[in-house]
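**Student:** Dropping a prediction and its sequence here:
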Amino acid sequence: MRKGYRLFFIIALILCFAGFLARAHAAGLIDPSTGMKVTEIHIGDAGSFTGDAASPCMEIFHSAQIALDEWNAKGGIHGVKLKHIMGDDAMDPAQGVNVAHKFVSDKLMYGVIGPPMSHIAQATLKIYGRANLACITTAASKPNLTEQGYKHFFRVNARNDSHGWNCALFIKNYLKAKRVAVLNEKVAYCENMAKETIKGLKKLGIKDIMQETIVGGSKDFSPVLTKVKAFKPDVLFFIATTAPDQAIGVRQMKELGIKAIFLGTEGARDKKDFIQASEGAAEGAYVYHFAPDIYAIPAAAGYVKTYEKKYGTISGFGPPAYEAMNILLAAIDRAAADGKITRKEVVEELHKTKNYKGILGFPITFNAKGDLEGGATYFFKVVGNDFKQVAVMTGK
């Protein structure tokens, strides 16, 4: 009997100890690279939350917050709470660098949503890369961001070499243009987008092309638009970063009597800052975008309902951010499966993302460079106070 009691007592002790270990494991994580207990997991959000790009960037932040809130409601990651931290670069590369240094120095930071603008992403690429801190951009599209050998940078949007070719196809085949004016702002994204589109137009046989530069933030584009009027294009491709600039551009185009079709970039897909701000001039204009019409995708219904209840109207910048946050947190969750986590492991898990099915209507797979495989370009027409999706281009 004594042996039986002793055996029972030993088994009970083992079970109690195992239960204690399980509870300890569930209550926290360890980061072997720092030797620290991970009491909270921080996710940065780098974007231009003040200035002319504040509206789309706040939609990005709010959408990412919805995804993070959903994970916290389910217990976080292995019992550890998640915290979403804003880093405002105000469209200034120097401030973007400050944000990057702040995020990198945060030992509880395991990933970043953004930056959404190519010139900020370029300025901060090396900082995040040296720290193995994963970044998933929702909009930065300059091709060489993923051509420089860094492994930490991912995108859920297509690149400019895809968008430029698709815009050329849209201009020729859908808009039936023969003469095209291209005005571009002098920043990385806009210059590269102009280059890729013009290359595509020439490849398609369109030779009558006018190109001029504009200054972002200008309140008067009439000097360069006067040159456009003299050129008499069929299409004016206005490549600017923000919606307010494009609203001024389309309004002044109409005021000068330019008869061309206006094609704006992804930044113009904003009901308030483009359609409403144009005072009716945007009617019939087109814009391209990196994200589809989210209202047409059944899988996005829950996200749409939550966003509209909490934050209001969705323009199109938010859905990729909801997707990106979920993909990032899923990678962090896998990296933390053994109770240990490092930034390097998170990057490695992101590279394993294959056929992720979320709310965008297509599965997401990252290639070896971190680029989205099979990305498309979506084209919208302004009809009344809304954008109507009219075409999807996939390079054909």
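**Tutor:** Yep, that arrived.

**Student:** residue nearest the centroid of this protein?
**Tutor:** Nearest to the geometric centre of the chain sits residue 138, at 1.0 Å (C-alpha atoms, centre = their mean).

**Student:** I'd assumed residue 113 was in contact with that residue.
**Tutor:** Yes - counting by C-beta atoms under 8 Å, residue 138 does reach residue 113; the two are 6.9 Å apart. Glycine gets a C-beta too; all of them are placed from N, C-alpha and C.

**Student:** Overlap in contacts, those two.
**Tutor:** 60, 321, 324 (C-beta atoms under 8 Å, 6 or more residues apart in numbering).

**Student:** Does the first one lie in a helix or a strand, and which?
**Tutor:** Following DSSP states H and E, one finds residue 60 within helix 54-73.

**Student:** partners of the helix or strand following that helix, with directions?
**Tutor:** Counting by DSSP H and E, the element after helix 54-73 in chain order, helix or strand, is strand 81-88. Here strand 81-88 is paired, per DSSP bridges, with strand 40-47 (parallel).

**Student:** Let me see the contact set for the residue nearest to the centre of the chain.
**Tutor:** Counting by C-beta under 8 Å, 6+ apart, residue 138 touches 60, 113-114, 116, 155-157, 290, 317, 320-321, 323-324.

**Student:** Name the nearest residue to it, ignoring sequence neighbours.
**Tutor:** Among residues not flanking residue 138 along the chain, residue 320 sits closest, at 4.0 Å (C-beta to C-beta, 6 or more residues apart in numbering).

**Student:** Go ahead and confirm the one you found touches residue 294.
**Tutor:** No - counting by C-beta under 8 Å, residue 320 does not reach residue 294; the two are 9.5 Å apart.

**Student:** Alpha carbons only: can I get stretch 211-231 in CSV?
**Tutor:** The C-alpha coordinates for stretch 211-231 follow below in CSV (Å, rounded to 0.1, in the frame of the first residue of the first chain):
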residue,chain,number,x,y,z
GLN,A,211,5.4,64.3,-70.1
GLU,A,212,5.7,67.1,-67.6
THR,A,213,6.4,67.3,-63.8
ILE,A,214,4.2,68.9,-61.1
VAL,A,215,4.9,69.9,-57.5
GLY,A,216,3.0,68.1,-54.8
GLY,A,217,1.0,70.4,-52.6
SER,A,218,0.7,73.1,-55.2
LYS,A,219,-2.6,75.0,-55.2
ASP,A,220,-2.3,75.9,-58.9
PHE,A,221,-1.4,73.5,-61.7
SER,A,222,-2.7,75.8,-64.4
PRO,A,223,0.7,76.7,-65.9
VAL,A,224,1.5,73.0,-66.8
LEU,A,225,-2.2,72.3,-67.6
THR,A,226,-2.1,75.1,-70.2
LYS,A,227,0.7,73.2,-71.9
VAL,A,228,-1.6,70.1,-71.7
LYS,A,229,-4.4,72.0,-73.4
ALA,A,230,-2.2,72.9,-76.3
PHE,A,231,-1.1,69.3,-76.7
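
**Student:** quick revisit: farthest pair in the contacts of residue 138?
**Tutor:** 113 and 290 (14.8 Å; C-beta to C-beta).

**Student:** These two: which has the busier surroundings?
**Tutor:** residue 113 (31 against 26; other C-beta atoms under 10 Å).

**Student:** per-residue confidence at the more buried one?
**Tutor:** The per-residue pLDDT reported for residue 113 equals 98.

**Student:** picking up where we left off before, tell me the one among the contacts of residue 138 nearest to residue 396.
**Tutor:** Using C-beta to C-beta, the contacts of residue 138 come closest to residue 396 at residue 290, 17.8 Å.

**Student:** List the residues that contact the closest residue to the closest one other than its chain neighbours.
**Tutor:** Computed as C-beta to C-beta, 6+ apart, the closest residue to residue 290 that is not its neighbour in sequence is residue 157, at 3.9 Å. Residues near residue 157 by C-beta under 8 Å, 6+ apart: 137-141, 290-291, 320, 372, 375.

**Student:** try it again with 7 Å
**Tutor:** Under the criterion of C-beta atoms under 7 Å, 6 or more residues apart in numbering, the neighbours of residue 157 are 138-139, 141, 290, 320, 372, 375.

**Student:** Which one of the residues you listed sits in the busiest neighbourhood?
**Tutor:** In these, the most neighbours by other C-beta under 10 Å go to residue 320, 31 neighbours.

**Student:** Just confirm that one contacts residue 156, I think it does.
**Tutor:** Yes - with contact defined as C-beta atoms under 7 Å, residue 320 reaches residue 156; the gap is 4.9 Å.

**Student:** Okay, and which of the contacts of residue 138 map to helices?
**Tutor:** Secondary structure from DSSP state H places 60, 320-321, 323-324 of the contacts of residue 138 in helices.

**Student:** Including pLDDT and distance to residue 308, could those go into a markdown table?
**Tutor:** Output for the ones in helices among the contacts of residue 138, formatted as a markdown table (pLDDT from 0 to 100; distance: C-beta to C-beta, whole Å):
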| residue | pLDDT | distance to residue 308 |
| --- | --- | --- |
| 60 | 98 | 16 |
| 320 | 97 | 17 |
| 321 | 98 | 15 |
| 323 | 98 | 17 |
| 324 | 98 | 20 |
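
**Student:** Give me the buried subset of the residues you listed.
**Tutor:** Buried subset of these (neighbour count, 16 or more other C-beta atoms under 10 Å): 60, 320-321, 323-324.

**Student:** Closest to residue 93 out of those residues?
**Tutor:** Nearest member of these to residue 93, counting by C-beta to C-beta, is residue 60, at 18.4 Å.

**Student:** So that closest one sits against residue 116, correct?
**Tutor:** Yes - with contacts counted by C-beta under 7 Å, residue 60 reaches residue 116, the gap being 6.1 Å.
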